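> predicted model and sequence follow; I will ask about them next.
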Amino acid sequence: MLTPSLTLIGKPDCHLCEEARAVVAQVVGGLAADGVAVEVAERSILDEPDLDARWHDDIPVVLIGTALHDRWRIDPERLRADLLAATDA
């Protein structure tokens, strides 16, 4: 079983980013309770100009591995399903 990586790209004081962070925490916590580990990283467009140039109008952005999973509003059921699929990849 592979350990998928999830990256949340956002910035401080962004209400959609706060919502996305809560969804990620809920989903990853639920998977951990089921014995599925997920590596989670959070990056800010304010700290990384290349991220700002690429994602400025799309935050929050969730990547699974290097692939775009979602942006703006994160669907918890779809996120869970995609993370589970990534464990089998």
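Noted; the coordinates are in hand.
> can you give me the strands in the chain?
Counting by DSSP state E, the chain has strands at residues 5-10, 39-44, 61-64, 67-71.
> now residue 70, nearest residue through space, not along the chain?
Nearest residue to residue 70, sequence neighbours excluded (C-beta to C-beta, 6 or more residues apart in numbering): residue 62, at 5.0 Å. In short, each C-beta sits where N, CA and C put it, glycine included.
> could you tell me the least trusted of the strands of the chain?
Among the strands of the chain, strand 67-71 carries the lowest mean pLDDT, a mean of 93.
> hang on, the earlier thing: so who does the residue nearest to residue 70 touch?
Residue 62 sits next to 6, 7, 8, 9, 20, 24, 68, 69, 70, 71, 74, 79 when contact means C-beta atoms under 8 Å, 6 or more residues apart in numbering.
> the third one bridge partners, please.
When bridges are taken as DSSP bridges, the partners of residue 8 come out as residue 42, residue 62.
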